[in-house]
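# Quick one: sequence plus predicted model below, questions after.
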Amino acid sequence: MGEAIDASIDDVKSEDQVKDLDVRRNKRSQKYLISVEKRGICYLSRVPPHMDPGSLRQILSKYGEVQRIYLIPEDPTVQVHRKKVGGLRGKQFSEGWVEFTKKSMAKRVARMLNGEQIGGRRRSSFYYDIWNIKYLSKFKWEDMTNEIANKNHTREQKLAMELSAAKRERDFYLSKVDQSRALVSIKERFKKVCIRLSTILFQQCLFSLA
């Protein structure tokens, strides 16, 4: 009897522990959602050469707490062309987003830096570059990821259409090549037949004269 009571008490304890764990998880998730709602995002329409997420975080962290940074790598064809003409080597970025802990912080950073010289250390390769940064009102990080996903999907569809068109052109060209080869073959056979007929007729003429 005593063992049964002890077992039931342990069951109650485990149930309470699970409930307590769920409550704490819910509180943490609520706190996280609240913190996300307070965040603000800035958009960089241009990323200076040699600037990467690490250097960008280091610079902007002086003005406010930075949460997340995402920079879009430049088009590979642009990178290949730049290297061919002897331009800058290495990975470059075209545009990006920066998430600050607070909206007011993001607004202040965009208002203060946009159009200004980046500055910093004079040895920096982007010391004389100009900030192109804008605060995105009512914009969430998920909006950015969805936008990028949509762009990638559109790019993949466009690439698939271009590949399909290229395949159709290739097949059409090959069919024309095959037709051309067939016509050449027919002409050659016709020529041989004509020669044979001419030879036969000539021989018949000689035979009749004889």
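Sure thing, it's come through.
# Helix or strand: which one has the most centrally placed residue in the chain?
The chain has N152 as the residue nearest its centroid, 5.4 Å off, counting by Cα atoms, centre = their mean. When elements are defined using DSSP states H and E, N152 is found to belong to helix 141-209.
# Where does pLDDT dip in the protein?
When residues are selected by pLDDT under 70, those of the chain lie in 1-24, 26-27, 78-79, 81, 85-89, 155, 201-210.
# excluding its backbone neighbours, what's nearest R121?
If you skip the residues right next to it in sequence, R121 has Y127 as its closest partner in space, 6.8 Å away by Cβ to Cβ, 6 or more residues apart in numbering. Where you see a C-beta, it was placed from the backbone N, CA and C, and this is true even at glycine.
# Surely V109 touches L60?
Yes. With contacts defined as Cβ atoms under 8 Å, V109 counts as touching L60 at a distance of 6.6 Å.
# does I72 count as helix, strand or coil?
The three-state label given to I72 by DSSP: H, G, I helix; E, B strand; the rest coil is strand.
# Tell me what it is bridged to.
Beta-bridge partners for I72, by DSSP bridges, are E95.
# and the gap between it and N152?
11 Å (Cβ to Cβ, to the nearest Å).
# and what of P49?
Summarising the geometry, the distance separating P49 from N152, computed by Cβ to Cβ, is 24 Å.
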